[in-house]
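Trainee: Build the 3D model from these lines:
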Amino acid sequence: MTSAGLVNEINLIQDVKAEPDAFAPVYEYYFPKVYNYVRYRVEDAQVTDDLTSQIFEQALGKIYSYKADVSPFGAWLFAIARNKVSDYFRKKKRRRWFSWDAMEGYTSDYPALDESTQLKDDQMQLLRAVSQLTGRERDVIALKFAADMTNVQISQLTGLSESNVGVILYRAIRKLRGMLHGLFHDDEEVQS
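Mentor: Got it, this is the predicted structure:
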C-alpha cells in the first residue's frame, strides 16, 4: 500500500474475482475510509458497524460487475457506501446526517476528546457548524475529510465536475470559518 492508494489495485481486484479470499488486502485498505465516511453520516456506532459490514459484503458479492475501465475501485466502493447510507435514511424516513451527541463517542487515531476539554468543545462547535451546511455540502465534506478522497474522486463519485466540487468545498469551509469565528469571537468577548 502507498499513501496514494492500494498497490496493484487492478491486479488485486482481478485476483478477488478469481478467488474471493484475496479480498483481505482490499478490505484492510478501504475499511477505515469507508467506516469513517459512514460514521460521519450515521449517528449510531452499531448502525455504522452494520452498514459498513453490508457495504463490504455487497462489494464482494458484486465484485464481478466491477469494471476497471469505467471507474476506479474506490469510486465504485464509495458509490455502494453512499447508496447504502441513503437507503438507511430512506428506511428511517429521517434526513438527519449527524447526531452531535453520538459524535462525542467517535473514535479516531487522534488523541481522545476527553483528554482536553477545549479540544472537545472545539470539536462539538465544529460539528454543530457542519450541521448547518446543506446536504450536498455535508456529503462533499464527509467524502473529502472522513473518506479522505480527492476532488477528482469525489467528482467521479457524485457526478459533479471537479471544479464544482472545489467550489462547494471552498464555500462550505468558508461558511464554517465564518460560523466558528463568530462562536470563538463571542466567547472571547464574554471572557474579556
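Trainee: Output the below-cut-off pLDDT ranges for this protein.
Mentor: Within the chain, the segments meeting pLDDT under 70 span 1-6, 93-116, 118-120, 123, 183-192.
Trainee: Tell me which residue lies nearest the centroid of it.
Mentor: In the chain, the C-alpha nearest the mean C-alpha coordinate belongs to residue 37, at 2.2 Å (CA atoms, centre = their mean).
Trainee: so who does that one touch?
Mentor: For residue 37, the contact set (CB atoms under 8 Å, 6 or more residues apart in numbering) comprises 78, 81, 142, 143, 146, 147. C-beta here means a position set from N, CA and C on the backbone, and glycine is covered the same way.
Trainee: neighbouring contacts of stretch 70-83?
Mentor: Contacts for stretch 70-83 (CB under 8 Å, 6+ apart): 5-6, 9-10, 13, 26, 30, 33-34, 37-38, 51, 55, 58-59, 62, 66, 139, 143, 147, 149, 153, 156-157.
Trainee: mind redoing it with 6 Å?
Mentor: 9, 13, 30, 34, 37, 55, 58, 59, 66, 153, 156, 157 (CB atoms under 6 Å, 6 or more residues apart in numbering).
Trainee: Give me the number of neighbouring residues for residue 83.
Mentor: Counted with other CB atoms under 10 Å, residues neighbouring residue 83 total 12.
Trainee: ditto for residue 10
Mentor: 12.
Trainee: Name the helix or strand for it, please.
Mentor: In this structure, residue 10 sits in helix 9-18 according to DSSP states H and E.
Trainee: so how far is that helix off the chain centroid?
Mentor: Helix 9-18 sits 24 Å away from the centroid of its parent chain (CA atoms, centre = their mean, to the nearest Å).
Trainee: Mind jotting down where the helices sit in the chain?
Mentor: Ranges of helices in the chain, per DSSP state H, are 9-18, 24-41, 45-61, 73-92, 100-103, 117-131, 135-141, 151-158, 162-191.
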